[in-house]
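A.B. asks: Build me a structure from this.
(4 chains)
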Protein chains: 2
Amino acid sequence: MVEKQITLQLDFRSGLPIYTQIVNQIQSQLVNGILKPGDQLPTVRALALELRVNFNTVARAYRILDEAHIISTQQGRGTFITEIPPPEVSEKLRAESLLELTDRFLSEASRLGFSEREVSQMVRDRLKSRKEADVQEKDE
Amino acid sequence: MVEKQITLQLDFRSGLPIYTQIVNQIQSQLVNGILKPGDQLPTVRALALELRVNFNTVARAYRILDEAHIISTQQGRGTFITEIPPPEVSEKLRAESLLELTDRFLSEASRLGFSEREVSQMVRDRLKSRKEADVQEKDE
DNA sequence: GTACAATGATACAATTAGTACAATAAGGAG
DNA sequence: CTCCTTATTGTACTAATTGTATCATTGTAC
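C.D. replies: Model prediction:
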């Protein structure tokens, strides 16, 4: 069986539950083409083993994604990305996933006591230095 | 689970409330490097048992530390020293931490295919809506 | 004695783990 | 090919572990 080898980065110390992190990351990877419709995801047990979590935690994430019609889980067969995500849904998901990612970032920063001002300043700075790095690459 | 075995010396006759003593000692152990960012603290029940106090007293201490962004408590999971030290511990470390956090966020956004424009726009939006939510809270 | 802060008791909620089960697929016996 | 057995997969239910919320009790200062 050819399950897609997916890479998830869990942070066990972030305030976010594991199952939420799995949901978010799979959703993001779909929206941005890393996962594609029809792809088979790892089995609940395989992914659980890889992530060192209980397989029910993965199952819970899969159930949430299933209820959102993002994946289709089939007892005895496996779990697949749904074939036809309507474009509008896809675009909506894309926006949502950036929103979620951003909110996670801002929440974490806030939780750590950084002010809004510090955060926005740092985002500007780092975006700027990234752009400069890009330009340099092109020059070479 | 591997909770850090921490040693606290309570003085029940000092007049200082237990929860204050717990707060102070955890804080100073962090400052002194005995506790490190990412460490998991004992559960409220385990520490309470060890200290022979009610677990609500420990919970109260943890809540105070949480509000000071020194630890992060997660229902059903446990309690952890925050990854990033509060300002009084080290201003330099703190700045570096925000940088790392921001870079992780920007890298992830980039990996997922979002443009710089989309990202900075979303950060502005969400900072704005957070500010509005805060104002509302204060009104109540 | 009253008021207030600290602590304790109890019930609750969220997350994760354990166990047994059901549906499907796969492979072999006949 | 058909039937049976077994392995694989997701599901359901329950238990264990964790922090939270609320109220009661205690003790101390006035």
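A.B. asks: Name the residue of chain A with the shortest distance to DNA strand D.
C.D. replies: A:Thr43 (3.2 Å; CB to the nearest atom of the strand). Quick note: C-beta positions are derived from backbone N, CA and C, even for glycine.
A.B. asks: What distance do you get for that residue to A:Leu35?
C.D. replies: To A:Leu35, A:Thr43 is 15 Å away according to CB to CB, to the nearest Å.
A.B. asks: more neighbours, those two?
C.D. replies: Per other CB atoms under 10 Å in any protein chain shown, whichever of A:Thr43 and A:Leu35 has more neighbours is A:Leu35, with 21 against 18.
A.B. asks: excluding its backbone neighbours, what's nearest the more buried one?
C.D. replies: A:Gln29 (4.5 Å; CB to CB, 6 or more residues apart in numbering or on different chains).
A.B. asks: What separation do you get for the one you found and B:Ser120?
C.D. replies: Distance of A:Gln29 to B:Ser120, given as CB to CB: 23 Å.
A.B. asks: and what of A:Thr82?
C.D. replies: From A:Thr82 to B:Ser120 the distance is 32 Å (CB to CB).
A.B. asks: Which residues of chain A lie near DNA strand D?
C.D. replies: By CB under 7 Å from any atom of the strand, the residues of chain A that approach DNA strand D are A:1, A:41, A:43-46, A:55-56, A:59, A:62-63, A:66, A:73-79.
A.B. asks: Quick check: ChimeraX command selecting the buried ones in those.
C.D. replies: Only the buried entries of those go into this ChimeraX selection, using 16 or more other CB atoms under 10 Å in any protein chain shown:
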select /A:41,43,44,46,55,59,62,63,66,73,78,79
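A.B. asks: So which of the residues of chain A next to DNA strand D are in strands?
C.D. replies: Members of the residues of chain A next to DNA strand D lying in strands (criterion: DSSP state E): A:Leu41, A:Thr73, A:Gln74, A:Gly78, A:Thr79.
A.B. asks: Quick check: the two most widely separated of those?
C.D. replies: Greatest spacing in those, by CB to CB: A:Leu41 and A:Gln74 (11.4 Å).
A.B. asks: Common neighbours of those two, please.
C.D. replies: A:Phe80 (CB atoms under 8 Å, 6 or more residues apart in numbering or on different chains).
A.B. asks: Spell out which residues of chain A are next to DNA strand C.
C.D. replies: A:17-20, A:53-54, A:56-57, A:60, A:74-77.
A.B. asks: now, among the ones in strands among the residues of chain A next to DNA strand D, which is nearest to DNA strand C?
C.D. replies: Taking those together and measuring to DNA strand C by CB to the nearest atom of the strand, the closest member is A:Gln74, at 6.0 Å.
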